[in-house]
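J.: Sequence and predicted structure are below.
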There are 2 protein chains.
Amino acid sequence: MSPIDALVRSLPDGRVLTDPDVVGSYARDRTFVEPGKPLGAVLAATREDVVTTMRWASEHRVPVVPRGAGTGLAGGATAGDGSVILSLARMTAIRELSPADEIAVVEPGVITADLDRAAREHGLMYAPDPSSYEISTIGGNLATNAGGLRCVKYGVTRDSALGLEVVLADGRVLNTGRRTMKGVTGYDLTGLFVGSEGTLGVITSATVRLRRAPAAPPATFAAEFGSLRDAGAAVSAIVAAGCQPSLMELLDRATLEAIDDWRNIGLEPATKAMLIGQSDASDSQAAIERMERLCAENGASFVAVSSSPQETEELIGLRRMAYHAKERLGACLVEDVCVPRSALPGMIGAIEDVAARHDVRIATVAHAGDGNLHPVFIFEHGTAEPPAEVWAAADEVFTKALEFGGTLTGEHGVGLLKRRWLALESGPVAEEVQRGVKAVFDPLGILNPGKAI
Amino acid sequence: MSPIDALVRSLPDGRVLTDPDVVGSYARDRTFVEPGKPLGAVLAATREDVVTTMRWASEHRVPVVPRGAGTGLAGGATAGDGSVILSLARMTAIRELSPADEIAVVEPGVITADLDRAAREHGLMYAPDPSSYEISTIGGNLATNAGGLRCVKYGVTRDSALGLEVVLADGRVLNTGRRTMKGVTGYDLTGLFVGSEGTLGVITSATVRLRRAPAAPPATFAAEFGSLRDAGAAVSAIVAAGCQPSLMELLDRATLEAIDDWRNIGLEPATKAMLIGQSDASDSQAAIERMERLCAENGASFVAVSSSPQETEELIGLRRMAYHAKERLGACLVEDVCVPRSALPGMIGAIEDVAARHDVRIATVAHAGDGNLHPVFIFEHGTAEPPAEVWAAADEVFTKALEFGGTLTGEHGVGLLKRRWLALESGPVAEEVQRGVKAVFDPLGILNPGKAI
């Protein structure tokens, strides 16, 4: 009996897919990266399915590629030849939601926005909100330590993770963390698994922190600028003035054009950048007025405050559709550099400069309050690999981000796509130590090999 | 030449103390735990001193006990026979403070409150504030992942740690983390070192996050209750109402008596508990009034809002002196359980019950908004070990906390004192994994052996 047949027999009926076409649809994430030929895909429904799969994988030394909804942007869930895909997307139970303790216990396949909506029924919210939150899963968010729009105020996924249930490479079940707001018993294994991109274990349950939802709807503004640098200066001024926005997103001309091309938003020729800001503080109107004024002082050609929740939703919707709009125009290499806040205008200038010199199409959005920029390199659809000038331009963007004291990836993860630049940031001691940590959890190297570190 | 002589020669003059009496004063923390006889104490002034010490220790297989100010409450810095103490208290430079990036780069010996004051000159603050923050160091706070009074709103030390420079057991220098608000390159080694109690490496520099200081001074209330359970119910009501206090501290009758005995605060016979709450939100007055009302509704016999910054400081000062007041009454075993927020009243009741049944003197303060309680078991000064009934009572308190879904230690760390209960909380898989992680960083087991895990 072949190993994959043994796996099919050891799991309940229907859990393992082996038809290559069907398996292929589980083998890629949102990037252009072409997967290999995996042996099959397990659609786990229970923790026991995961335990069985990992025991089998250890026995047969088969690489396992865990995945959520496959919305990743770094090739982290791309499956290679001879691997088995382990999808957690069917484990969708919210096992517990305790308003009194402000926590929820969830399975990894829960859609992020669904958890947020469930929490809001109790006056709470689940704060982390990657742009993909209507289609991405909590498990995937944990695996990549996903950020999002609100994290300028509420932090990233790790800041909401209190405890995990993890199946290790050999099938042992590890419980990390706690149900309490604080706790320092033992090493921070929860934090270690968050952002480890499926290379240390498979998360089968998470205890997450909920927060009080703001009492009133947030106040929102949008400002248009004649240059990207002016918009960057406005962001720095807003941060320095202590306005504490709950969201502050920057869209460049190329992004606005992509959106306009799709949804016709009546983009003015002189508009080179748009800044969308939000405050959910109890004095949100006053905060928004201060931000509006700072935009005007920094050269905004137009500033408007949203007058209704519906208008706000449309405005934020624009931002959330930015990536889809770009995908219509070509294949996308999405980068994710993060720089110290004060370096935002400089980094924006550097990206513009790189695009011009290499004659590469780059459309940039930024979680501007965090200094986290997503320059998206757009190239021809159907190309297996980005052309040489795109790699060269990306290389310069990374180098520049590191020169500014920044990092290669603010929230998407390293995956496959950023490994070629890893040594630039980490250095040899960190790489050695990380390989050592990996070996503790996965001595056979079967968990998502070739990713993250 | 003896190993210690070799160390003396390899470091600059005056760095190594060997007089047993002087060394003894560096060998203990704030607990009753008697240290052993260390070989000496290194007073490191530079990273190079730390590298030299660790290389020497690896060569000679000498245990190293890193320490900050020795304000720990779990025996984490207690030095054993034949060890060398490595004090970081002289590394006191704030190397950088960037208001634009809202970060600081500090050496481990910086006193926590000094960093906070330096930040406030720029309209910023360093949020973590353990009760000891006027005497404890950032390095010690990082080693224990210290909490504090403000962490009900701003999180614990880990939430403010962005990056570290760490000297490993063999003298290699590891840089973790970043200067940016977000970043997911590689595993979260920063989070792993925070709270590892000197068992994985020696922190020689930290990049920490600063936050905007509130524009106005906080508003503060104090409420007195005729029973501890009423006070606990008021806390639950305040949390459930979403008042988001920036501080919420509970003091029981025994604690109030200890303070009254020392500073004569005019304690009323009927007062069994006091709750002190603060809001630093922009609508702090309204928030305080809501909290005041909820105290009254839950049986408070007296509620007062502080009318001046001076009065506020006195009130918070009361809370910060609670531990010193208890130390006057006897030797103290300080516990640090943390329970889910809704379990606070139940846990308070359990502590009262345990004290009565074992006839043990327990004085409790709590960071009530976090569910983090410090029952302090007071016994006769000069006793080497707590008497049997104290251990028995502590044992029941821990067991009860775990039954409530809580943890052994919310912010003080495991140190020496809580290792006897560790297995109850962690379980065998977590213990195995943690030993594996420890071995990656410290294969010879020379870093603070016998602590934390």
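T.: All right, it came through fine. Residues are numbered from 1 along each chain as shown, chains lettered A, B, ... in the order given.
J.: Between the two ends of stretch A:5-15, how far is it?
T.: 12 Å (CA to CA, to the nearest Å).
J.: for it, what is the average pLDDT?
T.: What stretch A:5-15 shows for mean pLDDT is 97.
J.: residues of that stretch that come out buried?
T.: With burial defined by 16 or more other CB atoms under 10 Å in any protein chain shown, the residues of stretch A:5-15 counted as buried are A:Leu7, A:Val8, A:Leu11, A:Arg15. No exception for glycine: its C-beta is placed from N, CA and C like everyone else's.
J.: what about that stretch, distance to the chain center?
T.: Centroid displacement of stretch A:5-15 relative to its chain, using CA atoms, centre = their mean, to the nearest Å, is 32 Å.
J.: Stretch A:358-365 too?
T.: For stretch A:358-365, the distance to the chain centre is 21 Å (CA atoms, centre = their mean).
J.: Show residues contacting that stretch.
T.: With contacts defined as CB atoms under 8 Å, 6 or more residues apart in numbering or on different chains, stretch A:358-365 is touched by A:228, A:249-252, A:254-255, A:257-258, A:319, A:322-323, A:326, A:329-330, A:348, A:351, A:354-355, A:373-379, A:389-390, A:392-393, A:396.
J.: Buried residues of it, list them for me.
T.: By neighbour count on 16+ other CB under 10 Å, the buried set for stretch A:358-365 is A:His358, A:Val360, A:Arg361, A:Ile362, A:Ala363, A:Thr364, A:Val365.
J.: nearest to B:Asn298, of these?
T.: Looking at the buried residues of stretch A:358-365 and their distance to B:Asn298, the nearest is A:Val365, at 48.0 Å (CB to CB).
J.: Can you verify the closest one is assigned to a helix?
T.: No. When DSSP: H, G, I helix; E, B strand; the rest coil is applied, A:Val365 is found to be strand, with no helix at that position.
J.: mind listing what the closest residue to chain B within the stretch 101-250 of chain A touches?
T.: Scanning the stretch 101-250 of chain A for proximity to chain B using CB to the nearest CB identifies A:Gly191 as nearest, at 3.6 Å. Taking CB under 8 Å, 6+ apart as the criterion, A:Gly191 is in contact with A:Arg158, A:Ala161, B:Arg158, B:Asp188, B:Gly191, B:Leu192.
J.: follow-up on the earlier one: mind checking which of the contacts of stretch A:358-365 are buried?
T.: A:228, A:249-252, A:254-255, A:257-258, A:319, A:322-323, A:326, A:329-330, A:348, A:351, A:354-355, A:373-379, A:390, A:393, A:396.
J.: so which of these also contact chain B?
T.: The subset of the buried ones among the contacts of stretch A:358-365 lying close to chain B, counting by CB under 8 Å from any CB of the partner chain, is empty.
J.: So which of these are in strands?
T.: Using DSSP state E to define strands, the subset of the buried ones among the contacts of stretch A:358-365 located there is A:Glu249, A:Leu250, A:Leu251, A:Asp252, A:Leu373, A:His374, A:Pro375, A:Val376, A:Phe377, A:Ile378, A:Phe379.
J.: Show me which residues of the stretch 351-453 of chain A sit near chain B.
T.: Contact residues of the stretch 351-453 of chain A with respect to chain B, defined by CB under 8 Å from any CB, are listed as A:367, A:370-372, A:405-414, A:418, A:422, A:425-427, A:429-430, A:433-434, A:436-437, A:439-441, A:452-453.
J.: Now do the helices in the stretch 301-450 of chain A.
T.: Per DSSP state H, counting those that start in this stretch, the stretch 301-450 of chain A carries helices over the ranges A:309-320, A:322-327, A:344-358, A:388-403, A:422-426, A:428-441.
J.: Other residues contacting the longest one?
T.: Identification of contacts with helix A:388-403 by CB under 8 Å, 6+ apart yields A:333, A:335, A:337-339, A:347, A:350-351, A:354-355, A:357-360, A:362, A:375, A:377, A:379, A:386, A:407-408, A:421, A:424-425.
J.: cutoff 6 Å now
T.: With contacts defined as CB atoms under 6 Å, 6 or more residues apart in numbering or on different chains, helix A:388-403 is touched by A:333, A:337, A:339, A:350, A:354, A:358, A:360, A:375, A:377, A:379, A:408, A:421, A:424.
J.: For these, give me a markdown table that also has pLDDT.
T.: What follows is those, written out as a markdown table (pLDDT from 0 to 100):
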| residue | pLDDT |
| --- | --- |
| A:Leu333 | 94 |
| A:Val337 | 97 |
| A:Val339 | 97 |
| A:Ala350 | 95 |
| A:Val354 | 97 |
| A:His358 | 97 |
| A:Val360 | 96 |
| A:Pro375 | 97 |
| A:Phe377 | 96 |
| A:Phe379 | 95 |
| A:Leu408 | 95 |
| A:Trp421 | 92 |
| A:Leu424 | 89 |
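J.: Tell me the one of the residues you listed nearest chain B?
T.: Here the nearest of those to chain B, counting by CB to the nearest CB, is A:Leu408; it sits at 5.2 Å.
J.: okay, the contacts of helix A:388-403 in CSV with distance to B:Asp283 next?
T.: As requested, the contacts of helix A:388-403 are arranged in CSV below (distance: CB to CB, whole Å):
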residue, distance to B:Asp283
A:Leu333, 45
A:Val337, 37
A:Val339, 34
A:Ala350, 41
A:Val354, 45
A:His358, 51
A:Val360, 49
A:Pro375, 39
A:Phe377, 45
A:Phe379, 50
A:Leu408, 40
A:Trp421, 46
A:Leu424, 46
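J.: Name the nearest of those relative to A:Arg90.
T.: Proximity to A:Arg90 was ranked across those by CB to CB; first place goes to A:Leu333, at 30.8 Å.
J.: Go ahead and confirm that closest one touches A:Glu385.
T.: No. If you go by CB atoms under 6 Å, A:Leu333 and A:Glu385 don't touch, sitting 9.7 Å apart.
J.: ok, A:Asn38 to chain B distance?
T.: Not Asn; residue A:38 is Pro. Counting by CB to the nearest CB, to the nearest Å, the gap between A:Pro38 and chain B amounts to 25 Å.
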